[in-house]
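# heads up, no residue letters with this:
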């Protein structure tokens, strides 16, 4: 269904309930655990302010469902359309800052920032996931470059004058929910990094620019995808960190190392939804069974990823998540009580169950006319909470794969070991402070 | 090509100020061909540095300035008092008031978001001021028994009012309504405390009339706010 008229717009996105994945975020977000992620495009030339402002005006016409603010209802939070233009700000206050702590003049759950040749978009996970944000940034870049030189083509499906589809702001979890499916079992507690937390303001980012050809050939050599290869390295490095701990510290920690790997469900279920639509796979190694060689980890990760991205298993996870949301008792609990329960649930079941997160947005393809103006793309994952301590985001563009670590600790041990391992494998790594 | 020296963004030739960081770009130094730094000009450094300060840094700057002014005031009054009377007499009052003022500015500067800490600290410091004034001048005498209870009632009402305001999503006439109700309740507290201090009995007279006047005003304001607020769509507010 296409949406054309003003009336249609008012009917369809004047307000929207949060999607299933987003429902927990308003309850758990804080000044530090902001659930805000960023994608930056590092251009070859300084950004032209006037062209960018005109590009934003075009992009916001195409993505009106992103022009929303978070509101509190009696039972649930919801998103309400804000009829104000998106603003552009200078990128001088650090990345992935909260939209709510403190509340600023920007009512939206997205932020567009610019400094020199770096154009960034930041989204709250309440609004969308990496794929939705990437679609917005791509359309914005297309509009920007077409402002600079008219021969740049618009992105198919996201042309500024193209009518949008209602499907773009649907909660796709609900569409693919099947109530007859049994729920998944819970996971046990996982190992967490032992590093000391940084003083506030804690969050800092270190990025490594990898040669995409190197890493692709290395992954193929092992019969893996890039994500599977990087997750294997991450697990291997965490195992090393575990073994470097003093005996007592090792003894009191969980011996299960588990990584959360978000999976873009749009690749499994057809939908044009621009809201959250991803789930997680949790490859793990159990150190109670002994030490693992890299080859053994590779085998585990490969099979676990293949098994858990199967449509039937994904159905089970959707059934658990959406099923709880549809429960009448859960729905009837007033929001302020629901918030307390969600927070408790999140910290007992969420980050407790995994040791780290590796999010790969994949390789981004852009028309040559645009790609020639962009040096690289960088994806900064949301700041980790105090249990996880480090998050990892990956994005590929042209010949470069950028791996970024968002860290809130005083240690760079994980990053050092991770990049050293890749370098030892013959992969060219260039470190950059974001 | 005109480049903002702070943001590094390319700007149109006719732009005199960077719309992002508000840096002035009228000098030829903002042209990319010119390699000399605009920061070298006198006065320019402070201007740019001030805009680059975070909100916290600006608050700290305000606190430091207040400290300098208040402590200079303390020093000056102490010296004048000592020179003219050869002892510390009247300057005790100014010193105490300035110190309490400084404590309150410190609380506001650094614990603005910690409401209980801010109001608690402010209440304790102002109570200490009343006690000290009582000690300095035995003829005052009402600080502890009358002043502190009144102060406590005031701070509790302010605390509740602030909490209510913060938790209210749609702010407008409803906040004014809360203020009118708070004023009504405060007047009742005043009458109770004053009558207890003077008569050792609790009587409510004039404050009830004040409260009765405040309630309908508050109700009208609430009606105006919630009836006219188009954001209050019941369907979205109560969606389950």
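The structure has been received and is ready for your questions. What you are looking at is a predicted structure, and each value in this text was computed from that prediction instead of being measured. Numbers count the residues shown, from 1 in each chain, chains lettered A, B, ... in the order given.

# all contacts plus neighbour counts: C-alpha atoms, from now on.
Noted.

# Mind jotting down where the strands sit in the stretch 301-434 of chain A?
A:356-364, A:374-380, A:390-397, A:400-407, A:429-433 (DSSP state E, counting those that start in this stretch).

# what's the neighbour count on residue B:164?
Neighbour count of residue B:164, defined by other CA atoms under 10 Å in any protein chain shown: 13.

# Please identify the helix or strand for it.
helix B:148-167 (DSSP states H and E).

# pLDDT averaged over the next helix or strand after that helix, what's the number?
Using DSSP H and E, the helix or strand that follows helix B:148-167 in sequence is helix B:173-199. Taken as a whole, helix B:173-199 has an average pLDDT of 91.

# relative to helix B:173-199, how tilted is the helix or strand following helix B:173-199?
For helix B:173-199, the following helix or strand on the C-terminal side (DSSP H and E) is helix B:206-228. Going by axes from the mean of the first three to the mean of the last three CA atoms, to 10 degrees, helix B:206-228 is angled at 170 degrees with respect to helix B:173-199.

# Could you check helix B:206-228 and say which residues are buried?
The neighbour-count criterion (16 or more other CA atoms under 10 Å in any protein chain shown) identifies B:207, B:210, B:211, B:214, B:215, B:218, B:219, B:221, B:222, B:225 as the buried residues of helix B:206-228.

# How about the contacts made by residue A:379?
A:37, A:38, A:39, A:40, A:361, A:393, A:394, A:395, A:402, A:403, A:404 (CA atoms under 8 Å, 6 or more residues apart in numbering or on different chains).

# Relative to residue B:175, which of the strands of the stretch 301-434 of chain A is closest?
Each of the strands of the stretch 301-434 of chain A has some distance to residue B:175 by CA to CA; the shortest is strand A:374-380, at 39.7 Å.

# one step back: so of the contacts of residue A:379, which two are at opposite extremes in space?
Maximum pairwise distance in these, criterion CA to CA, is 15.0 Å, between A:37 and A:402.

# what angle separates the helix holding residue B:164 from helix B:173-199?
Going by the same axes, to 10 degrees, helix B:148-167 makes 170 degrees with helix B:173-199.

# Now distance to residue A:79 and pLDDT too, for the buried residues of helix B:206-228, in JSON lines please.
Output for these, formatted as JSON lines (distance: CA to CA, whole Å; pLDDT from 0 to 100):
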{"residue": "B:207", "distance to residue A:79": "44", "pLDDT": "92"}
{"residue": "B:210", "distance to residue A:79": "41", "pLDDT": "93"}
{"residue": "B:211", "distance to residue A:79": "39", "pLDDT": "93"}
{"residue": "B:214", "distance to residue A:79": "36", "pLDDT": "93"}
{"residue": "B:215", "distance to residue A:79": "34", "pLDDT": "94"}
{"residue": "B:218", "distance to residue A:79": "30", "pLDDT": "92"}
{"residue": "B:219", "distance to residue A:79": "29", "pLDDT": "92"}
{"residue": "B:221", "distance to residue A:79": "27", "pLDDT": "86"}
{"residue": "B:222", "distance to residue A:79": "25", "pLDDT": "85"}
{"residue": "B:225", "distance to residue A:79": "21", "pLDDT": "78"}
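
# Which of these sits closest to residue A:389?
Nearest member of the buried residues of helix B:206-228 to residue A:389, counting by CA to CA, is residue B:225, at 44.6 Å.

# What mean pLDDT does stretch B:155-162 get?
On average, the pLDDT along stretch B:155-162 is 93.

# Then stretch A:209-225?
94.

# Would you check which of the buried residues of helix B:206-228 are in contact with chain A?
Near chain A, judged by CA under 8 Å from any CA of the partner chain, there are no entries from those.

# gap between the two ends of stretch A:104-121?
17 Å (CA to CA, to the nearest Å).

# Closest one of the buried residues of helix B:206-228 to chain A?
Proximity of the buried residues of helix B:206-228 to chain A (CA to the nearest CA) peaks at residue B:225, which lies at 17.2 Å.

# of the contacts of residue A:379, closest to residue A:50?
residue A:40 (18.8 Å).

# Can you name every helix or strand that the strand or helix carrying the closest one contacts?
Assigning secondary structure by DSSP H and E places residue A:40 in strand A:36-43. When contacts are defined as 3 or more CA pairs under 8 Å, 6 or more residues apart in numbering or on different chains; DSSP states H and E, strand A:36-43 sits against strand A:118-124, helix A:130-148, strand A:374-380.

# Nearest to residue B:115, out of these?
It's strand A:118-124; of the helices and strands packed on strand A:36-43, that one is closest to residue B:115 (CA to CA) at 27.0 Å.

# by contact count, what packs against the closest one?
Partner elements for strand A:118-124 (3+ CA pairs under 8 Å, 6+ apart): strand A:36-43, strand A:110-115, helix A:130-148.

# In JSON lines: the ones you listed, plus mean pLDDT.
Formatted as JSON lines, those follow (pLDDT from 0 to 100):
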{"stretch": "strand A:36-43", "mean pLDDT": "96"}
{"stretch": "strand A:110-115", "mean pLDDT": "94"}
{"stretch": "helix A:130-148", "mean pLDDT": "92"}
